[in-house]
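Student: Sequence and predicted model, in that order:
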Amino acid sequence: MNAFVSTAAPDVDATKDHDCLAFISDNQTYDVVTVVAGQYFERPAVRDGSTREALEQLAHAAPRVVIVDFSDAGEPLTDALTLTSAVSETTHIVALGTVNDINLYRELQEAGISDYLVKPVSEKALAVALENLHRPEPDPDHAKPERTQRIVVIGARGGVGASMLSVSMAWMLAEEQQRRTTLVDLDLEFGTVALSLDLEPTHGLREALENPSRLDSLFISSAVAKFNDRLAVLATEETMASDGGFNPSAVEILFDSLARSSDCIVVDLPRAAVGFRARVLKAATQVILVTDLTLAALRDSIRLLSVIKDAAHDVPVFVVANRSGHKDEAMSRSDFQRTLGRKIDFVVPEDRKAIKMAADTGKPMPTVAKSSKAVAVIRDVTRKVSPTKDTKKKAAKSNMNWRPFARKAKDKAKQK
């Protein structure tokens with residue numbers, strides 16, 4: 001037992017009075033939980049223990065929130081199921097642990113755990129978790145402010161042009177639509193976004209993913225590299241020997257922090273980012289899957305569409321076939337679509353000259369090849385996922401114009 005708290009049997013009547021009960025097994029986490037719980041609850045109690053001690057005391061209490069240390073749990077999922085069955089539906093359980101595994105996080109959530117934080121836990125990360133528990137339900141009669149767009153771009157294969165599309169779209173959102181845009185490259189070792197824009201990447205992205213408690217406006221401003229006044233880039237070049245220990249909740253905290261200064265966030269998401277792929281997709285407002293018309297890309301597009309559906313089933317997904325007309329193209333569009341089980345939304349023709357000019361100059365492709373057919377299609381993609389007011393007005397006008405013609409057709413039919 002730790003020396004920081006009494007190990008005596010709890011007073012049952014006193015236990016009943018607490019609105020937050022915490023069971024912690026180490027001194028550092030105990031201090032963090034004590035500070036944060038004191039800020040958010042009137043009658044918190046932090047005790048020495050883990051899941052076993054929590055079960056013993058929950059038989060005599062009905063707190064609003066239970067914070068439990070799962071570090072010593074031999075079977076976390078079993079303990080989670082036992083805990084959730086021991087409390088009422090109005091009690092939230094926040095689990096703490098040392099295992100940084102997205103699959104464990106999903107299993108705990110499915111078992112009824114409200115949130116899972118990886119130790120060491122910072123005061124800010126715990127505070128955000130507690131705030132998320134008690135966010136008020138949205139009022140349907142109250143106009144909801146427009147949410148910052150989170151456009152996630154993921155490639156079916158390496159080399160299909162997902163990064164090129166991300167960079168071009170981010171530039172168009174910033175320059176052509178005049179929106180404050182942040183471009184995030186989540187390929188921490190081999191990302192090319194900063195390189196494509198001739199920018200020096202920082203190490204802020206890794207720090208944000210490992211220690212989300214540091215995220216504030218000052219940190220964000222120092223972590224991003226500015227391409228211009230409206231386009232910022234968050235990227236890094238980590239050594240291949242690095243072993244990232246990312247907090248599962250870091251993605252949401254990062255996006256929420258970026259949203260304070262951005263109208264649009266474009267995320268270049270590598271398909272191999274298993275650790276936070278599901279979280280990024282879940283946080284997206286639109287997902288763009290970039291592919292080419294090869295057999296290997298078809299196979300992986302099918303698999304990725306399944307992953308996207310599981311993680312973000314309500315999020316609009318657009319399939320973009322890039323490098324159309326390439327000599328390695330193995331399938332026709334119709335055959336690809338038939339096997340994929342859905343249509344391709346956009347086909348970007350290959351323009352090697354424009355790609356080379358962009359790479360050589362370190363500038364976005366729309367600035368060096370304005371008349372390129374590939375750029376024209378990318379502009380259509382950008383307008384589709386992020387329509388401007390003019391685009392919306394044109395669509396509405398088009399729908400209105402259709403009705404008089406329909407009435408005339410009906411009148412002619414009646415006359416005949």
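Tutor: Sure, I can see it.
Student: Span of stretch 231-239 from start to end?
Tutor: 26 Å (CA to CA, to the nearest Å).
Student: Ok, stretch 147-165 next?
Tutor: 23 Å.
Student: mind listing what's buried in it?
Tutor: 148-157, 160-165 (16 or more other CB atoms under 10 Å). In short, each C-beta sits where N, CA and C put it, glycine included.
Student: and the two most separated of the residues you listed?
Tutor: Greatest spatial distance among the buried residues of stretch 147-165 (CB to CB): Thr148 and Arg157, at 29.3 Å.
Student: Show me where the protein has its strands.
Tutor: Defined through DSSP state E, the strands belonging to the chain, from first to last, are 20-24, 44-48, 65-69, 92-97, 115-118, 149-155, 181-185, 225-226, 231-234, 264-269, 286-291, 317-324, 346-349.
Student: Save those strands as a markdown table, and put in mean pLDDT and distance to Ala170 too.
Tutor: Formatted as a markdown table, the strands of the chain follow (pLDDT from 0 to 100; distance: least, CB to CB, whole Å):
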| stretch | mean pLDDT | distance to Ala170 |
| --- | --- | --- |
| strand 20-24 | 92 | 42 |
| strand 44-48 | 91 | 44 |
| strand 65-69 | 93 | 39 |
| strand 92-97 | 92 | 35 |
| strand 115-118 | 90 | 30 |
| strand 149-155 | 95 | 9 |
| strand 181-185 | 94 | 4 |
| strand 225-226 | 89 | 13 |
| strand 231-234 | 92 | 6 |
| strand 264-269 | 95 | 4 |
| strand 286-291 | 96 | 12 |
| strand 317-324 | 89 | 15 |
| strand 346-349 | 92 | 16 |
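Student: Those strands: which one's closest to Leu215?
Tutor: Closest among these, using CB to CB: strand 231-234, at 11.3 Å.
Student: Next, the residues that contact the closest one from outside, please.
Tutor: Applying CB atoms under 8 Å, 6 or more residues apart in numbering, the external contacts of strand 231-234 come out as 170-171, 174-175, 181-185, 193-194, 197, 199, 201, 204-205, 208, 223-227, 258, 262.
Student: one more time with 6 Å
Tutor: Strand 231-234 has contacts (CB atoms under 6 Å, 6 or more residues apart in numbering) with Ala174, Thr181, Thr182, Leu183, Val184, Ala194, Leu199, Leu205, Val224, Ala225, Lys226, Phe227.
Student: what's the answer for stretch 193-202, then?
Tutor: Residues outside stretch 193-202 that contact it (CB under 6 Å, 6+ apart) are Ser163, Val167, Asp185, Ala223, Ala225, Phe227, Val233, Ala235, Thr236, Glu237, Asp268, Gly362.
Student: which two in the contacts of strand 231-234 are spaced the farthest apart?
Tutor: Greatest spacing in the contacts of strand 231-234, by CB to CB: Ala174 and Leu205 (19.1 Å).
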